[in-house]
Every structure is written in C-alpha cells, then in structure tokens.
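Engineer: Just need the structure, nothing else, for what follows:
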Amino acid sequence: MTRELAVMIMAAIAVVALGLMAWGWIRRSRRDSDIDIPFGSTIGGARFAATGFYVATTRHDAPLDRIAARPLAFRSRADITVTDAGLGLELPGEKPVFVPAAHIIGAGRATWTIDRVVERDGLVMVAWSDGSHILDTYLRLQDDDSATLVAEIESIASADSPTGAHA
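Structural biologist: Reported below is the predicted structural model:
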C-alpha cells in the first residue's frame, strides 16, 4: 500500500467519524428540544453568590446523559446566584438562566457526572423541573463554599415540588 493511499484512507475514516459525531449531536439536540430552559435575569437580592463552573445538566433518571439544549449543553464558567425567588446562572456569551424557586426540587452533593469526576462531594447537584422533566444541574464552585450553596438552595426549594432528587 502506498503512503498516499494510507493517508486517503485515514482521512476518509476521520471524515466519517466527524460526520457521525455531528449526526449524533443533531439527533440529541432534536430529542432535547422539548426541554423548557427557564431564561431570564436573576430576580431579587442575592442570598448567596459565587463564581464557579457550570458542569452539566442531565435528565434525573439518566445521570450519564447530558442534555443538548442551549445554553446548558456545554461546560462553562458561571456566576451562580441564589435569591429568595430562585437560582440564577450567568454563563459567558449566553442568555442568563433563572430557575424559579417553585421549580427547584432540592440540592445535594455529588462526586461525579457525565465526564467529570472530582474529590468527594466536590459538585453541587440541583434538581429542578421544567414542568415536564426533572433535571439535575451540576455546579462546581471555585471557593469551597458548596455546603452553603446547598443549604441556600434547600431553603428556597419548593415544598410542593416532586421529590426524588439524588445527591
């Protein structure tokens, strides 16, 4: 086999692999198009504010299945704010997300999600509902103030929300 033929075969394999990856992401985006992302600026005075990372959002019953709905489809830096009215996430270059307190089910600590494993209880998991689905959003704080964030979210979580959040 000549060198040119080997290069053409490798290039063809790479193109097919990239095409399959794009096709899979498009299908996943269509599947998740019914998720209602709560866009909006943070409402009310901050009970808690921190800078950290937005890690992922998954369906509650599928913790290894990242949702592909923007802006929650990709990992990002985040400004995280908890107010009496809910949880606000400001992701650079994206519309702000504000989960009303009435939609928050609860919060807990986690060690892993999707493609991220951290030290024990290094992630904060926030369970919330969009009205049709229960979703888990994972956050990682730069300062280790995770216990305070969990406590603040728990204090505003709606008592009427469906239960079943995992930590």
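
Engineer: Could you pick out the longest helix of the protein?
Structural biologist: helix 3-31 (DSSP state H).

Engineer: Beyond that helix, next helix or strand please.
Structural biologist: Proceeding N to C from helix 3-31, the next assigned helix or strand is strand 46-59, under DSSP states H and E.

Engineer: could you say what helices and strands that next one packs with?
Structural biologist: Counting contacts by 3 or more C-beta pairs under 8 Å, 6 or more residues apart in numbering; DSSP states H and E, strand 46-59 is packed against strand 62-66, strand 76-83, strand 112-113, strand 134-141, helix 146-156. In this view, the C-beta of every residue, glycine as well, is placed from N, C-alpha and C.

Engineer: got the angle for the last one vs strand 134-141?
Structural biologist: Pointing back at helix 146-156 there. 140 degrees (axes from the mean of the first three to the mean of the last three C-alpha atoms, to 10 degrees).

Engineer: Can you dump the C-alpha atoms of helix 146-156 in PDB for me?
Structural biologist: Provided in PDB are the C-alpha atoms of helix 146-156 (Å, rounded to 0.1, in the frame of the first residue of the first chain):
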ATOM      1  CA  SER A 146     -20.500  24.100  48.400                       C
ATOM      2  CA  ALA A 147     -22.200  23.400  51.800                       C
ATOM      3  CA  THR A 148     -23.500  27.000  51.900                       C
ATOM      4  CA  LEU A 149     -24.800  26.800  48.400                       C
ATOM      5  CA  VAL A 150     -26.600  23.500  49.100                       C
ATOM      6  CA  ALA A 151     -28.200  25.000  52.300                       C
ATOM      7  CA  GLU A 152     -29.400  28.100  50.500                       C
ATOM      8  CA  ILE A 153     -30.900  26.200  47.600                       C
ATOM      9  CA  GLU A 154     -32.600  23.800  50.000                       C
ATOM     10  CA  SER A 155     -34.000  26.700  52.000                       C
ATOM     11  CA  ILE A 156     -35.800  28.100  48.900                       C
END
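
Engineer: Could I get the average pLDDT for that helix?
Structural biologist: The pLDDT scores in helix 146-156 average 91.

Engineer: list the buried ones in it?
Structural biologist: For helix 146-156, the neighbour count (16 or more other C-beta atoms under 10 Å) marks 146, 148-150, 152-153, 156 as buried.

Engineer: coming back round to it: any chance of the helices and strands packed on strand 46-59 in JSON lines with distance to residue 126 as columns?
Structural biologist: Below are these laid out as JSON lines (distance: least, C-beta to C-beta, whole Å):
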{"stretch": "strand 62-66", "distance to residue 126": "13"}
{"stretch": "strand 76-83", "distance to residue 126": "10"}
{"stretch": "strand 112-113", "distance to residue 126": "12"}
{"stretch": "strand 134-141", "distance to residue 126": "5"}
{"stretch": "helix 146-156", "distance to residue 126": "6"}
